[in-house]
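> Sequence and predicted structure below; questions after.
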Amino acid sequence: MFAGTLNAGREMAEVAWQNKCRQEDLAQRELENERRAIDDARRSVDEKAQQLKAISHQSALIAGFSMVVLVEVQIPEDIDGLLISFFVWTAAMCVAFNLIAMLNATLTLVAILRYNVVKREVPFREFW
C-alpha cells in the first residue's frame with residue numbers, strides 16, 4: 001500500500017514536472033516567435049530603405065546628367081526656335097521630375113526609418 005501511494009505521488013510529481021516544462025517551452029516559443037517577427041520587420045524595413053536610397057540616388061544622378069546636357073549642349077544657329085524651346089522644356093521637365101522623385105524617396109525613407117519595429121503600432125505593409 002505504501003509503495004502504491006509512493007508510486008502515485010511520484011506519477012503526480014512527474015505530471016506536474018511535465019506540465020511545468022511544457023509551459024516553459026510554450027513561453028520560450030512565444031518569445032522566439034516575437035523575436036523572429038521583430039527580425040522579419042527589421043529586414044523588411046531595411047530592404048525598403050535600401051530600395052528608396054537606390055531610387056533617390058538614381059533620380060539625382062539622372063537629374064544631374066539632364067542638367068549637364070541642358071547647360072553644355074552646343075545648339076547650331078540654324079535650328080528652329082520651336083524645336084529649341086521643346087528641347088529646353090523637355091530637359092527641364094526631366095530635371096524637375098527626377099528631383100521630385102528624389103525628394104519623395106528621401107522623405108518616404110525618413111518616414112520608414114522612423115518606424116518602430118519592436119512595438120509595430122501601425123502594420124508595416126499598411127504603412128508602406
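Received the coordinates, thanks.

> Find the residue at the geometric middle of the protein.
Central residue of the chain (C-alpha atoms, centre = their mean): Val45, 2.5 Å from the mean position.

> packing partners for the helix or strand hosting Thr108?
Taking DSSP states H and E as the definition, one finds Thr108 inside helix 81-113. Here helix 81-113 touches helix 2-72, going by 3 or more C-beta pairs under 8 Å, 6 or more residues apart in numbering; DSSP states H and E. Every residue, glycine included, has its C-beta placed from N, CA and C.

> what helices or strands is the helix it packs on leaning on?
Other helices and strands packing on helix 2-72, by 3+ C-beta pairs under 8 Å, 6+ apart, are helix 81-113, helix 124-127.

> Can you mark which positions in stretch 97-109 are buried?
Using 16 or more other C-beta atoms under 10 Å as the test for burial, stretch 97-109 gives Asn98, Leu99, Ala101, Met102, Ala105, Thr108, Leu109.

> Any chance of these in JSON lines with distance to Ala60 as columns?
Shown next, in JSON lines, are the buried residues of stretch 97-109 (distance: C-beta to C-beta, whole Å):
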{"residue": "Asn98", "distance to Ala60": "7"}
{"residue": "Leu99", "distance to Ala60": "8"}
{"residue": "Ala101", "distance to Ala60": "9"}
{"residue": "Met102", "distance to Ala60": "5"}
{"residue": "Ala105", "distance to Ala60": "9"}
{"residue": "Thr108", "distance to Ala60": "15"}
{"residue": "Leu109", "distance to Ala60": "13"}
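
> Those residues into CSV, with extra columns for distance to Ser59 and pLDDT?
What follows is the buried residues of stretch 97-109, written out as CSV (distance: C-beta to C-beta, whole Å; pLDDT from 0 to 100):
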residue, distance to Ser59, pLDDT
Asn98, 4, 85
Leu99, 7, 85
Ala101, 4, 86
Met102, 4, 85
Ala105, 7, 83
Thr108, 12, 81
Leu109, 12, 81
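
> Which member of those residues is positioned nearest Arg36?
Distance to Arg36 across the buried residues of stretch 97-109 (C-beta to C-beta) is lowest for Leu109, with 25.3 Å.

> wait, the closest one sits on Gln50?
No: counting by C-beta atoms under 8 Å, Leu109 stays clear of Gln50, with 9.5 Å between them.
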